[in-house]
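Asks: Got a sequence here, can you build the structure:
(4 chains)
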2 protein chains.
Amino acid sequence: MADKKLILRFTNHPGYNLRMATNSAMSQLTGILAESGLRIVEATILIVVYDNRGCRQSQIGKVLNISSANMTPLITRLEERGIIRREAADGRSNALHLTDQGEKIVATAARRMADFEAGLIARVPSHLRKPFLEALRHLSGVSE
Amino acid sequence: MADKKLILRFTNHPGYNLRMATNSAMSQLTGILAESGLRIVEATILIVVYDNRGCRQSQIGKVLNISSANMTPLITRLEERGIIRREAADGRSNALHLTDQGEKIVATAARRMADFEAGLIARVPSHLRKPFLEALRHLSGVSE
DNA sequence: GCAAATAGCTATTGAGCATAGCAATTAAAT
DNA sequence: ATTTAATTGCTATGCTCAATAGCTATTTGC
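Replies: This is a model prediction of the structure:
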């Protein structure tokens, strides 16, 4: 019994494989971004700021599905580390900008992230890539 | 600025979509399994026990990638709730069995989970399903 | 002017996962 | 047979991420 192989009914289920694939990919990405001293959420936020200078903290929360309560400590930490700068846009909004140091860090992190994405899709046989991405979009809600 | 749409470079990246898709699917599944009073990990463990009566705690940890340190409180909690029963197999191994009550709970949870998986794949257009699952297996490491 | 919505903040919680270290038992090596 | 190594399970602890409740201040719409 102790050495018999277990029956795993999940192995063909989409949800289970989705979870496994994400776990594997995300732990890999965590390691890659650690070289930039960033966590996945942090890098994701920073790249949005990089592509949208002066955008509002609340806007980022909306597109990335992060509540304002969780945004606050994230941005605070990035500010304390001198990567990002909050700038009062009106009395209640913060416009976000990268510091000079932040620019460099994000440029590197973005390159690493792009390499990761390329490596990820490379693991899928080329003829499956297009249908795979299209199917994913149906499940992630991006296409809706 | 505050109302301009943000540029999101991730929307076509496999890793990002993978994460989004998993988030959406897993929070749905969390809700479904809550009706059985179970969390996803718990239901997954229980179904493995259901299909492999008397299997070892350590075996489950291996196939599901759960460390023994994390298995302990999980199994303890299921035992305290009268769903599972630990049985010393040798001096260091626990063989796991479902209680009568556990049988019923797991049967229901397994049905709910199967329904969820069916609903999930139904969201993918039928012609994309096969390549999607095959691609997923490449990323989840199941096919390796 | 006043009510409602928006934006951000604090504090706290829970799930999930990882690590370090410990004790006991079993298996392997000489 | 005795020592060594590997395994099984356990406690304790910490981290990340997400969720919630409740708060203040500001802005907007009627």
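
Asks: Quick one: the helices in chain A, in order.
Replies: Ranges of helices in chain A, per DSSP state H, are A:14-34, A:40-51, A:57-64, A:68-80, A:100-122, A:126-140.

Asks: I'd like the average pLDDT over stretch A:83-100.
Replies: Stretch A:83-100 comes out with an average pLDDT of 93.

Asks: same question but for stretch A:20-36, I mixed them up
Replies: For stretch A:20-36, mean pLDDT is 92.

Asks: Show the contacting residues for residue A:97.
Replies: Residue A:97 makes contact with A:49, A:53-54, A:84-85, A:87 under the criterion Cβ atoms under 8 Å, 6 or more residues apart in numbering or on different chains. Heads up, the C-betas are built off the backbone N, CA and C, glycines and all.

Asks: okay if I get those as CSV plus neighbour count and distance to chain B?
Replies: Output for those, formatted as CSV (neighbours: other Cβ atoms under 10 Å in any protein chain shown; distance: Cβ to the nearest Cβ, whole Å):
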residue, neighbour count, distance to chain B
A:49, 24, 10
A:53, 11, 9
A:54, 13, 6
A:84, 26, 16
A:85, 15, 15
A:87, 10, 11
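
Asks: And those residues, which is closest to DNA strand C?
Replies: Distance to DNA strand C across the contacts of residue A:97 (Cβ to the nearest atom of the strand) is lowest for residue A:87, with 10.0 Å.

Asks: for the spatially closest residue to that closest one that is not a sequence neighbour, what are its contacts?
Replies: For residue A:87, ignoring the flanking residues on the chain, the nearest one in space by Cβ to Cβ, 6 or more residues apart in numbering or on different chains is residue A:95 at 4.6 Å. Residues counted as contacts of residue A:95 (Cβ under 8 Å, 6+ apart) are A:54-56, A:86-89, B:1.

Asks: ok, 6 Å please
Replies: By Cβ atoms under 6 Å, 6 or more residues apart in numbering or on different chains, the contact list for residue A:95 reads A:54, A:87, A:89.

Asks: Now the first one, what are its backbone angles?
Replies: Backbone torsions of residue A:54, given as degrees, to the nearest 10, read phi 80, psi 10.

Asks: excluding its backbone neighbours, what's nearest it?
Replies: Spatially, and ignoring its direct neighbours in sequence, residue A:54 is nearest to residue A:95 (4.6 Å; Cβ to Cβ, 6+ apart).

Asks: on that earlier part again, deepest-packed of the helices of chain A, please.
Replies: Greatest average neighbour count among the helices of chain A goes to helix A:40-51 (a mean of 20), per mean count of other Cβ atoms under 10 Å in any protein chain shown.

Asks: how about it, does it reach DNA strand C?
Replies: No. If you take Cβ under 7 Å from any atom of the strand as the test, helix A:40-51 misses DNA strand C, and the best it gets is 12.1 Å.

Asks: got the angle for that helix vs helix A:100-122?
Replies: 110 degrees (axes from the mean of the first three to the mean of the last three Cα atoms, to 10 degrees).

Asks: Near DNA strand D, which residues of chain A? Just list them.
Replies: When proximity is defined as Cβ under 7 Å from any atom of the strand, chain A approaches DNA strand D at A:2, A:30, A:39-42, A:65-67, A:69-70, A:90-92.

Asks: Can you get me a residue count around the closest residue to DNA strand D within chain A?
Replies: Closest to DNA strand D within chain A is residue A:91: 2.1 Å, counting by Cβ to the nearest atom of the strand. Residues lying near residue A:91 (other Cβ atoms under 10 Å in any protein chain shown) number 5.

Asks: where does the closest residue to DNA strand C within chain A land on pLDDT?
Replies: Residue nearest to DNA strand C within chain A (Cβ to the nearest atom of the strand): residue A:58, separated by 2.7 Å. Turning to residue A:58, the model gives it a pLDDT of 95.
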